[in-house]
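Chemist: the amino acid sequence is not available; the structure is as follows:
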């Protein structure tokens, strides 16, 4: 079972409009609302891939109830800890490009954080892998992911980390097995531009020097770069898929988590690139077009760096 930790779960609202013009009114062609937050989206994709995910994290208020009810209806078990503060909402506007509005979430109290951390320690031994993904709500320390990584390691469970900023910096010191930032996030962390595949490979090596066991840098339409102890590879499609890219990184994380205990990087990256591209073709995050992923898999270009 793969545990997806979503400390800042949300109700994701997605609006589709013909064009987005600031300062004007818009007619929405399509609207969708569903449980979200990065690790919730990872769990949805894992379920679609045939894995057995479980979600833990915080859920509070009416939005929190909506999140847990939808997880149950979707067939994903959860161990969500209740909070006095309501869970957040996010708004994604899909037009010529995609605009995302993220509420901060929280605040989470010290007692609520302690309860979740203690429960995580009690059940962690049952997991084959832990995914720590997304932002932290107000009230949690920047060391939250570092602490959960340490607890997972106490039980011999590997960790995939998808975070940014100070939480990523702190968690690297706890030596997660795999980190998966995008090129913007790793550039902000390292204070240097990450533009080419070679830049991404060098950034991955620097992340490993800081504590990561391996690194996958997501480069959007330019594909991804993986770096591990014995090598580095890039994976990309010749032509990008158009659509809603907000769930592509979560689909990528799901594939990486599914293969975290394996040692077949070319095959893993081929699937990861195909599934994350197929996620762009879906109108909302947390799912992918399976038939498209199947067609894209043999078209993924793998190159040694």
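Modeler: Happy to help now that I have it. Quick caveat: nothing in here was measured; it's all calculated off a predicted structure.
Chemist: residues near residue 287, how many?
Modeler: 20 (other C-beta atoms under 10 Å). (Each C-beta comes from the backbone N, C-alpha and C, glycine too.)
Chemist: tell me who's in contact with it.
Modeler: Residue 287 is in contact with 44, 45, 48, 247, 279, counting by C-beta atoms under 8 Å, 6 or more residues apart in numbering.
Chemist: scan these and report the most crowded one.
Modeler: Across the contacts of residue 287, neighbour numbers were computed from other C-beta under 10 Å; residue 279 holds the maximum, 31 neighbours.
Chemist: all helices for the stretch 101-250 of the chain, in order.
Modeler: For the stretch 101-250 of the chain, the helices defined by DSSP state H, counting those that start in this stretch occupy 110-123, 144-154, 165-172, 183-190, 197-209, 248-258.
Chemist: follow-up on the earlier one: among the contacts of residue 287, which one has the lowest pLDDT?
Modeler: When the contacts of residue 287 are compared on pLDDT, residue 247 comes out lowest, with 92.
Chemist: first-to-last residue distance for stretch 281-288?
Modeler: 7 Å (C-alpha to C-alpha, to the nearest Å).
Chemist: heads up, I number from 45, so please use that
Modeler: Got it, the first residue is 45 from now on, which makes the last one we talked about stretch 325-332.
Chemist: and that stretch, how far out from the chain's middle?
Modeler: 13 Å (C-alpha atoms, centre = their mean, to the nearest Å).
Chemist: re earlier: for the helices of the stretch 145-294 of the chain, give me CSV that also has mean neighbour count, mean pLDDT and distance to residue 68.
Modeler: As requested, those are exported to CSV (neighbours: other C-beta atoms under 10 Å; pLDDT from 0 to 100; distance: least, C-beta to C-beta, whole Å):
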stretch, mean neighbour count, mean pLDDT, distance to residue 68
helix 154-167, 15, 96, 41
helix 188-198, 21, 98, 40
helix 209-216, 20, 97, 33
helix 227-234, 19, 94, 29
helix 241-253, 20, 96, 38
helix 292-302, 28, 97, 29
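Chemist: residue 160 contacts residue 104, correct?
Modeler: No: at 12.0 Å, residue 160 and residue 104 do not qualify as touching, with contact defined as C-beta atoms under 8 Å.
Chemist: for stretch 279-293, list every residue counted as buried.
Modeler: 279, 280, 281, 285, 287, 288, 289, 290, 291, 292, 293 (16 or more other C-beta atoms under 10 Å).
Chemist: got the residue ranges for the strands in the stretch 245-349 of the chain?
Modeler: Along the stretch 245-349 of the chain, the segments classed as strands by DSSP state E, counting those that start in this stretch run 258-262, 268-272, 275-280, 345-348.
Chemist: give me the angle between the longest one and helix 241-253.
Modeler: Regarding strand 275-280 and helix 241-253, their directions subtend 130 degrees when assessed with axes from the mean of the first three to the mean of the last three C-alpha atoms, to 10 degrees.
Chemist: quick one: strand 275-280 to strand 258-262, angle?
Modeler: 20 degrees.
Chemist: quick one: strand 275-280 to chain centroid distance?
Modeler: The gap between the average C-alpha position of strand 275-280 and the chain average comes to 20 Å, counting by C-alpha atoms, centre = their mean.
Chemist: ok, the residue at minimal distance from the centre of the chain to residue 201 distance?
Modeler: The residue lying closest to the centre of the chain (C-alpha atoms, centre = their mean) is residue 294, at 3.8 Å. Residue 294 is 20 Å from residue 201, where distance means C-beta to C-beta, to the nearest Å.
Chemist: for residue 231, same thing?
Modeler: Counting by C-beta to C-beta - residue 231 and residue 201 are separated by 30 Å.
Chemist: before we move on, what about residue 320?
Modeler: 24 Å.
Chemist: okay, these two: which has more neighbours?
Modeler: More neighbours sit around residue 320 than around the other of residue 320 and residue 201, counting by other C-beta under 10 Å; the figures are 31 against 18.
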